[in-house]
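Student: Could you look at this predicted model? Sequence included:
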Amino acid sequence: MKGPISQFIEKHYLHFNSASLVDAAKAYEQQLADGAKMLVSMAGAMSTAEIGKIFAEVIRQDKVHIISCTGANLEEDIMNLVAHSHYERVPNYRDLTPEDEWALLERGLNRVTDTCIPEHEAFRRLQKHIYKIWKEADDKGERYFPHEFMYKMLLSGVLEEYYEIDLKDSWMYAAAEKNLPIIVPGWEDSTMGNIFASYVIKGDLKASTMKSGIEYMTFLADWYSKNSSNGIGFFQIGGGIAGDFPICVVPMLYQDMEMHDVPFWSYFCQISDSTTSYGSYSGAVPNEKITWGKLDIKTPKFIIESDATIVAPLIFAYLLDL
């Protein structure tokens, strides 16, 4: 039985982007009913937008089976967990002058649109604890992926004294509890990635202690091959490397590994405000991906041209029968 949010969108979201939202949600639900698995890719600042309030429950209810996200989303969910009360919202961010922005920097506040992340309480608080875990692995000659180090930190309990939100609203903690596979392409382009690189430069850590993007791709290739018998869907929030990287595993397996029986992605949906333009990948229509060997002619395809912070929670609510 669908709840009031789902009933509302079914009654009122009847045309244009709103209709695409409903169609995509129903097709996602059908994929799961047919036994398919689902990859969710997350770009932008969805963790800072507190997508964990609903995405964590999607994870707990096994409605996503693998995640691809930026390094920023990986760490910013945990930052929100341990430093939420120190965040500052700036509703009038469009009116800020360069001098206003500099003043925020001097206060240790890093702005993401209308939300400022506190450097000391968020970044440095995590740094203190994650470094110990990196160093322990480095000394033992052990190697892990970025998300595996984060899982170790979360499950160790060292952050419990800092919790400032309900733990059930952290999607990273929900993922850690399930040991959900996560792909983090371009992890180096994140605060923790920058910090890790600084320790490598100083000679405190070896770069090889952190497993690489190539190893993420080979891990994903193995996972896809073992889990695609009933299909794997691709639900893309935003654009960028979080989506570009994992979707390429199919043509890589088909063309480069010559595994000609590998199935295409069985579902595709992208939420994006990027418009179709010359050379734009994020704004490209889904059919373009057919030419790259990513989607089949018959793959259900949806694009919802809207704000992901509005659309994604509604689709997740539909999946959860809210």
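Tutor: Thanks, I have it.

Student: how much space between the residue nearest to Ile290 when sequence neighbours are not counted and Ile247?
Tutor: Once flanking residues are discounted, Ile290 sits nearest to Ile297: 6.5 Å by Cβ to Cβ, 6 or more residues apart in numbering. C-beta coordinates here come from the backbone N, C-alpha and C atoms, glycine included. Look at Ile297 and Ile247: by Cβ to Cβ, to the nearest Å, they are 17 Å apart.

Student: Ok, Leu105 next?
Tutor: 36 Å.

Student: what about Met79, which SS state?
Tutor: At Met79 the chain is in helix, as set by DSSP: H, G, I helix; E, B strand; the rest coil.

Student: swap that for Gly233, please
Tutor: Assigned with three-state DSSP, Gly233 falls in the strand class.

Student: That one: how many residues sit nearby?
Tutor: Residues lying near Gly233 (other Cβ atoms under 10 Å) number 24.

Student: can you map out the strands along the stretch 201-322 of the chain?
Tutor: In the stretch 201-322 of the chain, the strands defined using DSSP state E, counting those that start in this stretch lie at 232-237, 267-271, 301-304.

Student: As JSON lines, those strands with mean pLDDT and distance to Ile130 would be great.
Tutor: JSON lines is the format used below for those (pLDDT from 0 to 100; distance: least, Cβ to Cβ, whole Å):
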{"stretch": "strand 232-237", "mean pLDDT": "98", "distance to Ile130": "25"}
{"stretch": "strand 267-271", "mean pLDDT": "97", "distance to Ile130": "30"}
{"stretch": "strand 301-304", "mean pLDDT": "96", "distance to Ile130": "35"}
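
Student: Glu121 is nearest to which of those?
Tutor: Closest to Glu121 of those is strand 232-237 (Cβ to Cβ; 26.6 Å).

Student: Could you list the buried residues of that closest one?
Tutor: For strand 232-237, the neighbour count (16 or more other Cβ atoms under 10 Å) marks Ile232, Gly233, Phe234, Phe235, Gln236, Ile237 as buried.

Student: Tell me how far the residue lying closest to Val285 once chain neighbours are set aside lies from Ser170.
Tutor: The shortest distance from Val285 to any non-neighbouring residue, by Cβ to Cβ, 6+ apart, is to Thr276 (6.2 Å). As for Thr276, its distance to Ser170 is 36 Å (criterion: Cβ to Cβ).

Student: Looking at those two, which has the bigger crowd around it?
Tutor: Ser170 (24 against 12).

Student: who's in contact with the closest residue to the more buried one other than its chain neighbours?
Tutor: With sequence-adjacent residues excluded and distances taken as Cβ to Cβ, 6+ apart, Ser170 is closest to Leu81, at 4.8 Å. If you count contacts by Cβ atoms under 8 Å, 6 or more residues apart in numbering, Leu81 has them with Leu159, Tyr162, Tyr163, Glu164, Ile165, Leu167, Ser170, Met172, Tyr173.

Student: ditto for Asp114
Tutor: The contact partners of Asp114, by Cβ under 8 Å, 6+ apart, come to Arg89, Val90, Pro91, Tyr93.

Student: In TSV, list these along with neighbour count and secondary structure.
Tutor: Output for the contacts of Asp114, formatted as TSV (neighbours: other Cβ atoms under 10 Å; DSSP: H, G, I helix; E, B strand; the rest coil):
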residue	neighbour count	secondary structure
Arg89	9	strand
Val90	17	coil
Pro91	7	coil
Tyr93	16	helix
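
Student: As CSV, the residues you listed with distance to Phe219 would be great.
Tutor: Listed next are those as CSV, based on distance: Cβ to Cβ, whole Å:
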residue, distance to Phe219
Arg89, 37
Val90, 39
Pro91, 41
Tyr93, 38
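
Student: ok, the residue lying closest to Ser208 once chain neighbours are set aside to Ile315 distance?
Tutor: Leaving aside its chain neighbours, Ser208 sits nearest to Arg143 (6.5 Å; criterion: Cβ to Cβ, 6+ apart). Separation of Arg143 from Ile315 (Cβ to Cβ): 36 Å.

Student: tally of neighbours for the spatially closest residue to Lys178 that is not a sequence neighbour?
Tutor: The shortest distance from Lys178 to any non-neighbouring residue, by Cβ to Cβ, 6+ apart, is to Ile59 (6.5 Å). Neighbour count for Ile59, taken as other Cβ under 10 Å: 22.
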